[in-house]
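Asks: sequence plus the predicted model coming up.
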Amino acid sequence: MKKAHPFIWTSIVVLYISFIFFNSLTPAVQSSKQSGTVLSMVLTMVRSIGLNGAWITEHLIRKSAHFAEYSLLGMLLWKCFQSYKLQGKIWILVQAWMTILIPLTDETLQLFTEGRSGQISDVWLDVSGMIAGSLFIMGCWYLLHRKRDGQKR
């Protein structure tokens, strides 16, 4: 299978970061409405399987979205840097720098958005999401290559 060109992965990452930043520039009223819509859908699904769902709140939906959004970003960055064939310390340094810089920028943008505020707790949540996503894809890559290398012997 032919590997994707670094330009493709870079484009995907840039578009995804733009999506994240666009969400941060959404005024609080509109953002809360979007979260409320997701909350309603989740509660409908939970209740359809016979569970109460009273513990599912808009706050939980928002924080889960932060974590999931940044987990995917961690995976995309890992694939992007892999396509450039970055190795060792350089890869770790660039990945670590981006893991901190992007969430900080995201929360800073919210300082300039109507009704929003930048939260240091969200920076930590975003960073942990990126780390989780990066570790997940690294683990998958390791297992895939370990299995493939074992079949060659």
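Replies: Looks like it came in fine. Numbering: from 1, shown residues only.
Asks: in the top helix by length along the chain, what's buried?
Replies: The longest helix of the chain (DSSP state H) is helix 120-152. Across helix 120-152, burial judged by 16 or more other Cβ atoms under 10 Å covers 122-123, 125-134, 137. Just so you know, the C-beta spots here come from the backbone N, C-alpha and C atoms, and that holds for glycine as well.
Asks: which strands or helices does the helix or strand bottoming out on mean pLDDT in the chain pack on?
Replies: Here the helix or strand of the chain ranked lowest by mean pLDDT, DSSP states H and E is helix 120-152, holding a mean of 89. Other helices and strands packing on helix 120-152, by 3 or more Cβ pairs under 8 Å, 6 or more residues apart in numbering; DSSP states H and E, are helix 58-83, helix 88-110.
Asks: touching the last one from outside, list them.
Replies: For helix 88-110, the external contacting residues (Cβ atoms under 8 Å, 6 or more residues apart in numbering) are 17, 20-21, 24-25, 70, 73-74, 77-78, 81, 86, 116-120, 122-123, 126-127, 130-131, 134.
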